[in-house]
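Asker: Give the three-dimensional model of this entry:
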Amino acid sequence: MKLRSGRLVLSEITIAKGSPVCNKCLKDINIPKDCVLVSVIRGEEVIIPNGFTELKENDSIIAVSSKEDQDELKEYFIGKGKR
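Answerer: Numbers count the residues shown, from 1 in each chain. Okay, the predicted model is just below:
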């Protein structure tokens, strides 16, 4: 979803098996500079994330990023070369 005349993008990304962020806490990863995680969806649970939120396989993350950082954000959570 595009926001602010297309300058910001709201993305939903599902963390797949083998993702570089799987089983890591948010405080231990470095998301791209202009990105903010809004929520983590785990099954039917919606989690407002903090630094101690651990990302799991099949979690969906909702993030806001600049349009320019959208692809980098996806690669970061899914893994390079996977889409």
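Asker: correct me, but Thr14 touches Ser60?
Answerer: Yes - the pair Thr14 / Ser60 is scored as a contact, 4.9 Å apart, by C-beta atoms under 8 Å. Glycine gets a C-beta too; all of them are placed from N, C-alpha and C.
Asker: Could you list the low-pLDDT ranges of this protein?
Answerer: Residues of the chain meeting the criterion pLDDT under 70: 1-6, 80-83.
Asker: now the closest residue to Lys27 other than its chain neighbours: how far from Lys24?
Answerer: The shortest distance from Lys27 to any non-neighbouring residue, by C-beta to C-beta, 6 or more residues apart in numbering, is to Gly51 (3.5 Å). Separation of Gly51 from Lys24 (C-beta to C-beta, to the nearest Å) stands at 11 Å.
Asker: Comparing these two, which residue is more hemmed in?
Answerer: Lys24 (14 against 9; other C-beta atoms under 10 Å).
Asker: What residues does that one make contact with?
Answerer: Glu54, Leu55 (C-beta atoms under 8 Å, 6 or more residues apart in numbering).
Asker: if I've got this straight, Ile13 is in a strand?
Answerer: Yes - assigned with DSSP: H, G, I helix; E, B strand; the rest coil, Ile13 falls within a strand.
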